[in-house]
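**Student:** Let's see this in three dimensions:
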Amino acid sequence: MSPFFVMSLLFGLIFGQTASLCAPSEYTIHVEKQECAYCLAINTTICAGFCMTRDSNGKKLLLKSALSQNVCTYKEMLYRTVLIPGCPHHTIPYYSYPVAVSCKCGKCNTDYSDCVRERVRTNYCTKPQKLCNL
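**Tutor:** As a prediction, the model looks like this:
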């Protein structure tokens, strides 16, 4: 083996976590309320990507907390609020959604993330669509 290959392999093993592909990614969510006339398509950013993780062969020897795997999650986020058009006066026409500013590989926080495998969902409008670009 060449010295370059060995050094590259060692560098990859030591600094593999920093080479993760976890970053803000463009995403469109569709929001509608039964009382409102329109569906709103909102362009935002979410955290998505691959995080390096290691599966321990000694699972029975380690504490359960040591076995949690890293996920691509929010480092910084902010919330924006939009007005859903075509709502009657008695309905609250506002919708708030998260915007990923930066992401990190880390433990999943159930306060603001769904940490289980996502079930199949439909992300579409059943009413006439309006596009919201902020």
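**Student:** can I assume residue 88 sits in a helix?
**Tutor:** No - counting by DSSP: H, G, I helix; E, B strand; the rest coil, residue 88 is not found in a helix; it is coil.
**Student:** Tell me how far it lies from residue 39.
**Tutor:** 16 Å (CB to CB, to the nearest Å). C-betas here are computed from N, CA, C, even on glycine.
**Student:** which one of those two has more residues nearby?
**Tutor:** residue 39 (19 against 9; other CB atoms under 10 Å).
**Student:** The residue lying closest to that one once chain neighbours are set aside sits in which helix or strand?
**Tutor:** Spatially, and ignoring its direct neighbours in sequence, residue 39 is nearest to residue 125 (3.3 Å; CB to CB, 6 or more residues apart in numbering). Taking DSSP states H and E as the definition, residue 125 sits outside all helices and strands.
**Student:** Flag every buried residue along stretch 44-53.
**Tutor:** Buried residues in stretch 44-53, defined by neighbour count with 16 or more other CB atoms under 10 Å: 44, 45, 46, 47, 51, 52.
**Student:** I'd like these as CSV, with pLDDT and secondary structure appended.
**Tutor:** Formatted as CSV, the buried residues of stretch 44-53 follow (pLDDT from 0 to 100; DSSP: H, G, I helix; E, B strand; the rest coil):
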residue, pLDDT, secondary structure
44, 93, strand
45, 94, strand
46, 91, strand
47, 91, strand
51, 86, coil
52, 77, coil
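**Student:** Reformat those as TSV; add distance to residue 102.
**Tutor:** What follows is these, written out as TSV (distance: CB to CB, whole Å):
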residue	distance to residue 102
44	14
45	10
46	12
47	9
51	14
52	18
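**Student:** Out of the residues you listed, which comes closest to residue 93?
**Tutor:** Of all these, residue 93 sits closest to residue 44, with 18.4 Å by CB to CB.
**Student:** Look up which residues are beta-bridged to the closest one.
**Tutor:** Beta-bridge partners recorded for residue 44 (DSSP bridges): residue 27.
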